[in-house]
Structures are given as C-alpha cells and as structure tokens.
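1. just a sequence and a predicted model for now, questions to come.
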Amino acid sequence: MRLQAAARLTQPDLAEWLRHVRPAAGCTRPIRLVGTMATVEAATGRLLSERSTADMPDGVIYKPCGNRRAAVCPTCSKLYQRDAYQVVRAGLVGGKGVPEQVAHHPAVFPTFTAPSFGEVHTRYVKRHTCTRRTSCDCRPEPCHARRESTVCPHGVRLVCFARHEDTDARLGTPLCLDCYDHDAQAVWNLSAGELWRRTTIAINRYMHRLATARGIPDVPVTSPRTGKTRWVSPVRLSFGKAAEMQRRGVVHFHAIIRLDGRDAGDPDAIVPAPPQLDAADLVAAVDHAAATVGFTTADHPAHPGGWPIAWGEQVLTKVITVAGRGEVTDAQVAAYLAKYATKSTEVTGHASNRLTGDTIDIYADPAGSHTERLVDACWMLGTPRDWRRLRRWAHMLGFGGHFLTKSRRYSITFALLRNQRIVFRRAQSSGPQEAAAGTEPTTLVVNFLQFVGAGWHTTADALLANASAAMAREHQDAAREYLQTLVA
Ligand SMILES: [Zn+2]
Ligand SMILES: [Zn+2]
Ligand SMILES: [Zn+2]
Ligand SMILES: [Zn+2]
C-alpha cells in the first residue's frame with residue numbers, strides 16, 4: 001500500500017485528482033461512472049459542449065454511495081441523517097414549502113412495540129440519574145429475579161440475577177433459546193408494516209367519529225377529474241415514522257402523528273384542524289387503535305391457522321410541543337427519528353446483505369444463537385411460494401419495510417433536499433460569467449453515464465481521499481468556531 005500511496009503522491013496531477021474526487025471523498029465505497037456530460041441550450045436543444053470522463057483523472061467520475069446505514073458508510077449516513085432530521089422537523093415546524101402554521105397543529109409521538117415471544121435478558125432502570133440516556137450508567141434492577149426458580153421443559157432455570165451493563169452482549173437474548181418462539185417473531189416482523197397500515201386507518205376512523213360526535217360536519221370534496229363530490233372526514237392525519245430494531249431482533253416503531261384539517265376548496269392544502277380537537281384526543285385515538293387493531297396471518301403449512309399479529313404492551317404517547325415546555329419538543333423528536341433512520345439490524349449482532357442459497361448457511365442455524373435461529377426461521381418459513389418475502393428479508397430478520405417513512409402530506413421529500421444541495425453546489429462552483437446569467441436556466445446538463453464499479457481503486461486512494469475530506473471538514477469547523485467567537 002505504501003507503493004500505491006507513493007505512486008499517487010508523486011503524480012503531477014495530485015491536486016487535480018483531489019479536486020476531482022472531492023464530492024465523494026469521505027465515502028467508503030463510491031460509485032464509479034464513465035461516459036459523457038453534454039451541455040445543451042434549453043430552448044433549442046443545441047449542443048454547446050461535451051465533456052468525457054476519459055479526459056478526467058482516473059477516467060471516471062466518483063459519486064458517493066449514498067447509503068443510509070452508519071455501519072456501511074459513516075459519511076453518507078451522516079448526510080442522510082441530516083436530511084432525515086430536516087424532513088421530520090419540517091413536518092412539525094414548517095419551512096421549505098411546508099406551511100409554518102403546522103407548528104400549531106396537535107401532534108403526538110407514540111412508540112408501538114411488539115409483543116413478547118419469550119423471556120429475554122433485560123436492563124431495566126427504575127429511575128435514571130444519568131445525564132445522557134445513550135451512555136447510561138445507572139444501576140439497573142436484577143434481570144429476572146425470582147424467589148422460586150422455574151425450570152423450563154429444556155431444563156433451564158428461568159432466572160437471572162445479573163444487573164446487566166448497557167453493553168452486555170446477553171441483553172435481548174432469550175433465557176431459554178429452545179422456549180423462544182422464533183417463528184412467530186419472524187412472521188411478526190414481516191407483518192409489522194401491515195399492522196401499522198391498519199393502525200393508521202383505525203386512528204383516522206377514531207378521529208372522524210370524534211369529530212362527528214363534537215358536531216364538526218364532514219367536508220364535501222369534488223374530484224377535479226370526475227367532477228363527483230364526496231363527503232369526507234373534516235380531519236386528516238399525517239404520519240412520519242422510524243423503525244428501530246430492538247436487541248431481541250424485533251422492530252418497533254417511533255411515530256409522529258400530526259392532526260390537520262381539510263379544505264373543501266383545496267383538498268391538497270395543509271390547513272389547521274378544527275379547534276374542538278386537540279392532542280389529548282390524538283393520544284386517546286392512538287391508545288384505542290393500539291389496543292384493538294390486530295389480525296391473523298394466512299395459513300402456513302408449518303402453522304395451520306396462521307399467527308396472530310397485534311401490538312405489544314402500549315408504551316406511552318408523548319405530546320409534541322414546539323416550545324420547550326411540553327413532554328417532548330420537535331427538535332428532540334426529529335433527532336430521534338433521524339438517528340434510527342441510519343440504523344438497521346446491527347444492534348442484534350447480525351449484519352449482512354440479502355441472503356441467498358449460497359450464503360444462508362453462514363448466518364442461519366436452527367440450533368445456533370438467537371439471531372441465527374431468527375434468520376433460519378425466516379428462511380425455512382419462506383419456503384412456500386406465498387411466503388417468499390420472508391426469504392427476501394431474512395437478512396432483516398423478516399422486516400421488509402423502510403426504516404424511515406412518511407405520509408405524502410407530512411413534509412417535504414428527500415429528493416427536494418438533494419436537489420437543493422445540487423443547485424447550491426452549482427452556484428458555488430460556477431464562475432462569475434455564469435452567475436450573471438440570471439435565474440432562468442438557459443442551459444441543461446445531460447449525462448450519459450454508465451456504472452462501471454464501486455469502491456476506490458486502491459486502499460491508498462481511499463485513505464488519501466478520506467484524509468483530504470477530513471481536513472476540509474476540520475477547516476470548516478475551525479472557520480465556524482472562529483465566526484462564533486467573533487459573534488459572541
Ligand atoms: Zn458512501
Ligand atoms: Zn439476564
Ligand atoms: Zn440512566
Ligand atoms: Zn426452554
């Protein structure tokens with residue numbers, strides 16, 4: 001590697017190379033593209049200029065991988081996390097095209113958990129005295145302290161007097177692996193998305209009923225296409241949610257639910273909810289839905305009659321306030337959801353890409369560890385054609401959903417933020433003659449690029465690009481600190 005580094009460092013175009021790789025510099029596995037980029041006059045389609053990657057350093061363009069997972073690419077996941085924060089927060093306080101009055105809409109922050117599939121080692125702190133929950137060092141209760149010890153059919157004493165440290169690898173693993181219902185948990189993960197969908201419908205219905213009971217009339221909405229008028233609920237809920245994989249290998253959902261009204265004249269508009277309904281009503285709606293929604297899956301050859309799917313013990317629903325005096329603020333909630341959006345199954349000790357018949361045996365074992373048994377359950381139960389999705393998502397322990405989702409009207413999109421960033425970069429890099437051209441774009445850049453590979457050519461290249469990105473970041477931080485001292 002020293003030779004690779006020496007070769008790169010002695011090249012005359014090193015500065016040019018560093019400038020060229022800058023957009024992807026901090027990325028672990030950038031995408032390499034070859035082809036041409038044409039600049040075209042927007043009005044006529046006339047070709048103004050054309051550049052080929054053949055004339056560029058290394059003959060390729062490096063594009064950041066954009067992976068959201070911190071375990072895969074720390075740099076790209078940081079960017080994703082920042083975007084996720086913006087997306088979630090805009091839904092609570094407005095901005096970037098979301099009306100600012102959403103800050104006054106009632107909003108709540110419930111956590112939906114899975115039921116128990118068997119007893120696991122836990123860490124429960126009665127009263128936290130730590131300053132930061134992420135580095136909690138409070139004294140927990142004993143894990144499973146019981147006076148009369150029960151022995152399971154497999155001869156395991158179902159007790160544990162340990163007070164587990166937060167980093168204890170036993171946390172989330174079953175007291176008895178053979179008692180644990182890995183099948184039911186895998187199917188629950190697979191069905192969590194459908195359970196969530198039904199829950200949102202139930203919450204909407206509850207709020208509609210409540211609105212009617214409080215004398216708020218339905219709203220006539222006319223379809224612009226058919227001209228037909230329908231009477232619909234005067235309230236509409238917008239949802240954002242993050243999935244968190246728990247140590248025991250089951251997802252739970254952290255959700256944001258915002259109450260909006262409905263404008264008969266403009267059905268797409270985000271308008272305030274009727275004043276007769278508030279956050280306490282939303283809490284009641286969530287509690288009701290969480291306690292009542294449930295269904296049974298389709299039959300499975302290994303489990304005739306299917307599995308029941310419902311939420312576990314309902315966790316408390318907090319009311320979100322924009323000012324700091326409520327139970328939880330918009331900024332806290334946004335940071336929370338953004339953090340989970342960059343995670344996956346790492347906390348369970350399992351991390352792999354999609355599994356195939358060739359790789360399954362590395363990760364699945366019906367007599368192995370907790371996660372090996374979960375992966376095995378996904379693979380085995382995924383054998384029938386109708387259950388193939390379990391195989392497809394075996395590397396996610398059965399969960400096939402996105403880790404961050406939102407309803408259409410909740411907030412802005414990630415694409416909007418990405419586009420703004422590109423426009424910003426263009427403005428930064430364009431010369432004075434281009435900047436003077438006005439706001440209307442007169443030229444278009446059309447790319448004819450082709451994927452040729454992923455990753456840096458050599459380890460030395462990766463280190464060099466990373467080091468230069470780190471230095472640029474430090475430089476920015478130093479400059480920001482300097483400005484802050486000037487302001488203070
Ligand atoms: Zn990356
Ligand atoms: Zn324990
Ligand atoms: Zn604590
Ligand atoms: Zn047992």
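-> Looks like it arrived, so ask away. Ligands and ions are numbered 1, 2, ... in the order given.
2. strands of the stretch 1-150 of the chain, start to end?
-> 31-41, 47-52, 61-63, 107-109, 111-112 (DSSP state E, counting those that start in this stretch).
3. enumerate the beta-bridge partners assigned to the closest residue to K228 other than its chain neighbours.
-> Nearest residue to K228, sequence neighbours excluded (Cβ to Cβ, 6 or more residues apart in numbering): T222, at 7.0 Å. Placement of C-beta: from N, CA and C, glycine included. As for beta bridges, T222 partners with T229 under DSSP bridges.
4. from what I see, T222 and W231 are in contact.
-> No - using Cβ atoms under 8 Å, T222 is not in contact with W231; the gap is 10.7 Å.
5. which other helices and strands contact the longest helix seen in the chain?
-> Looking across the chain with DSSP state H, the single longest helix is helix 182-213. If contacts are counted by 3 or more Cβ pairs under 8 Å, 6 or more residues apart in numbering; DSSP states H and E, helix 182-213 sits against strand 235-245, strand 251-261, helix 279-292, strand 294-296, strand 308-310, helix 370-381, helix 388-392.
6. so which of those is nearest ligand 1?
-> strand 235-245 (20.6 Å; Cβ to the ion).
7. the closest one packs against which elements?
-> helix 74-93, helix 182-213, strand 251-261, helix 330-340, strand 404-406.
8. quick one: average pLDDT of the third one?
-> Looking at strand 251-261 alone, the average pLDDT works out to 94.
9. look at P441 and report its pLDDT.
-> At P441, pLDDT is 64.
10. quick one, which of the helices and strands packed on strand 235-245 is packed in tightest?
-> strand 251-261 (a mean of 23; mean count of other Cβ atoms under 10 Å).
11. which neighbouring elements make contact with that one?
-> helix 74-93, strand 107-109, strand 111-112, helix 182-213, strand 235-245, helix 279-292, helix 330-340.
12. which one of these lies closest to ligand 3?
-> Closest among the helices and strands packed on strand 251-261, once you apply Cβ to the ion, is helix 330-340, at 16.5 Å.
13. pLDDT (mean, whole number) over the closest one?
-> 89.
14. how much space separates the closest residue in space to H154 that isn't next to it in sequence from ligand 3?
-> With sequence-adjacent residues excluded and distances taken as Cβ to Cβ, 6+ apart, H154 is closest to D178, at 4.5 Å. According to Cβ to the ion, to the nearest Å, D178 and ligand 3 sit 33 Å apart.
15. swap in L390?
-> Taken as Cβ to the ion, the span from L390 to ligand 3 is 37 Å.
16. quick one: contacts for the nearest residue to that residue once chain neighbours are set aside?
-> Once flanking residues are discounted, L390 sits nearest to G382: 3.4 Å by Cβ to Cβ, 6+ apart. Neighbour list for G382: 388-392, 394 [criterion: Cβ atoms under 8 Å, 6 or more residues apart in numbering].
17. try it again at 6 Å.
-> Taking Cβ atoms under 6 Å, 6 or more residues apart in numbering as the criterion, G382 is in contact with 388, 390-391.
18. please tell me how far T359 sits from ligand 4.
-> From T359 to ligand 4 the distance is 30 Å (Cβ to the ion).
19. retrieve the pLDDT associated with that residue.
-> So T359 comes in at 94 (pLDDT).
20. burial count for it?
-> Residues lying near T359 (other Cβ atoms under 10 Å) number 14.
21. kindly report the same for Y62.
-> 24.
22. quick one: it from W17, how far?
-> Separation of Y62 from W17 (Cβ to Cβ, to the nearest Å) stands at 10 Å.
23. ok, the residue of the stretch 301-450 of the chain found nearest ligand 1 - contacts?
-> Nearest to ligand 1 in the stretch 301-450 of the chain, going by Cβ to the ion, is T342, at a distance of 11.9 Å. Each residue near T342 by Cβ under 6 Å, 6+ apart is listed here: 68, 70, 77, 81.
24. tell me how far the third one lies from D361.
-> Think S77. Taking Cβ to Cβ, one finds S77 at 30 Å from D361.
25. kindly report the same for the second one.
-> When distances are taken as Cβ to Cβ, A70 and D361 turn out to be 28 Å apart.
26. more crowded one of the two?
-> A70 (19 against 11).
27. just the pLDDT for that one.
-> Predicted confidence (pLDDT) for A70: 87.
28. now it: how far from ligand 1?
-> Using Cβ to the ion, A70 is found at 11 Å from ligand 1.
29. touching, that residue and S77? I think so.
-> Yes - the criterion here is Cβ atoms under 6 Å, and A70 meets it with S77 at 4.2 Å.
30. excluding sequence neighbours, find me the nearest residue to R391.
-> G382 (3.4 Å).
31. wait, what's in contact with T199?
-> 289, 293.
32. look up how far ligand 4 lies from it.
-> Going from T199 to ligand 4 by Cβ to the ion gives 32 Å.
33. give me the pLDDT for that residue.
-> 96.
34. name the residues of the stretch 101-250 of the chain found near ligand 2, please.
-> Contacts of the stretch 101-250 of the chain with ligand 2, taken as Cβ under 5 Å from the ion, map to 121, 143, 160, 162.
35. please list only the buried members of those residues.
-> 121, 143, 160, 162 (16 or more other Cβ atoms under 10 Å).
36. now, which of those sits nearest ligand 1?
-> The closest of those, once distances to ligand 1 are taken by Cβ to the ion, is H121, at 34.7 Å.
37. quick one: end-to-end length of stretch 86-105, please.
-> End-to-end distance for stretch 86-105: 18 Å, by Cα to Cα, to the nearest Å.
38. run the chain-centre distance for that stretch.
-> 19 Å (Cα atoms, centre = their mean, to the nearest Å).
39. show residues contacting it.
-> 240, 258-259, 270, 273, 322, 330, 334, 337, 410-412, 417.
40. between all of these, which two are separated the most?
-> The distance between the two most remote of these (Cβ to Cβ) is 26.9 Å, for A273 and L417.
41. who's more crowded, those two?
-> A273 (24 against 17).
42. how much space separates R132 from ligand 1?
-> Here R132 is placed at a distance of 28 Å from ligand 1 (Cβ to the ion).
43. distance to ligand 1 and pLDDT added to the residues of the stretch 101-250 of the chain next to ligand 2, as CSV?
-> Shown next, in CSV, are these (distance: Cβ to the ion, whole Å; pLDDT from 0 to 100):
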residue, distance to ligand 1, pLDDT
H121, 35, 96
C143, 39, 94
C160, 41, 93
A162, 39, 94
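44. restricted to helices, list the residues you listed.
-> Per DSSP H, these never map to helices.
45. mind listing the helices for the stretch 351-488 of the chain?
-> Along the stretch 351-488 of the chain, counting by DSSP state H, counting those that start in this stretch, helices occupy 360-363, 370-381, 388-392, 414-429, 432-435, 459-487.
46. list, one by one, the residues from this structure near ligand 3.
-> Checking the chain against ligand 3 by Cβ under 5 Å from the ion, the hits are 128, 130, 136, 138.
47. ramachandran angles for the residue lying closest to the third one once chain neighbours are set aside?
-> Meaning C136. Spatial nearest neighbour of C136, chain neighbours left out: C130 (4.6 Å); criterion: Cβ to Cβ, 6+ apart. Dihedral angles of C130 (phi, psi; degrees, to the nearest 10) stand at phi -70, psi 160.
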